[in-house]
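Peer 1: Return a 3D structure for these sequence lines:
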Amino acid sequence: MNTIKNFRGKYDFLSNFYYSYISYEGITYSNAEAAFQSAKCADLKDRYKFEFLSPSEAKKTGRKINLRSDWENVKVDIMREIIKIKFSSNLELMIELKKTGTAELIEGNTWHDNFWGICECENCKSIPKKNMLGNLLMEYRTTIL
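Peer 2: Down below sits the predicted model:
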């Protein structure tokens with residue numbers, strides 16, 4: 001089995017930072033990262049703050065909002081839903097995801113995120129790695145192959 005080790009270059013469309021419109025719970029965002037970060041909001045009207053943010057701005061803003069109390073219990077299911085929306089509403093992206101075939105998808109990163117991805121820097125070598133974004137993408141891919 002081949003492996004896609006990061007979501008850059010040819011595979012940037014796999015990243016939540018890739019620009020593609022996502023309509024999630026009645027609001028349309030310009031990228032999956034903004035949709036995901038908005039879902040953290042305890043107050044639903046705060047989600048509109050994310051509507052037009054770049055992925056980087058959304059991630060930054062998501063660190064400052066009043067976090068919903070159940071976030072840790074729902075974040076993976078929310079990411080699963082956003083992935084489904086992203087690819088099912090964009091035929092070109094779905095085709096590109098299908099083209100990855102059975103490749104292992106790894107959200108390789110340098111920012112020490114071992115929950116959503118895998119960081120292999122010296123500091124992270126002994127930390128357990130979940131690669132949840134990669135795993136959720138592969139899970140969704142099995143439903144469209």
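Peer 1: residues contacting the residue nearest to Ala34 when sequence neighbours are not counted?
Peer 2: Nearest non-adjacent residue to Ala34, counting by C-beta to C-beta, 6 or more residues apart in numbering: Ala58, 3.9 Å away. C-beta: built from backbone N, CA, C; applies to glycine. Contacts for Ala58 were tallied using C-beta atoms under 8 Å, 6 or more residues apart in numbering; they are 29, 31, 33-34, 36-38, 50.
Peer 1: contacting residues around Leu97?
Peer 2: Applying C-beta under 8 Å, 6+ apart to Leu97 gives the contacts 13-14, 87, 137, 140-141, 144.
Peer 1: would you list those in TSV and tack on neighbour count, distance to Leu97 and secondary structure?
Peer 2: Putting the contacts of Leu97 into TSV (neighbours: other C-beta atoms under 10 Å; distance: C-beta to C-beta, whole Å; DSSP: H, G, I helix; E, B strand; the rest coil) gives the following:
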residue	neighbour count	distance to Leu97	secondary structure
Phe13	17	8	helix
Leu14	25	7	helix
Phe87	25	6	helix
Leu137	24	7	helix
Tyr140	17	8	helix
Arg141	19	6	helix
Ile144	12	7	helix
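Peer 1: re earlier: of the contacts of Ala58, which is the most crowded?
Peer 2: Ala34 (31 neighbours; other C-beta atoms under 10 Å).
Peer 1: buried stuff in the helix or strand hosting Asp77?
Peer 2: Element membership of Asp77, judged by DSSP states H and E, is helix 71-88. Residues of helix 71-88 classed as buried: 75-76, 78-83, 85-87 (neighbour count, 16 or more other C-beta atoms under 10 Å).
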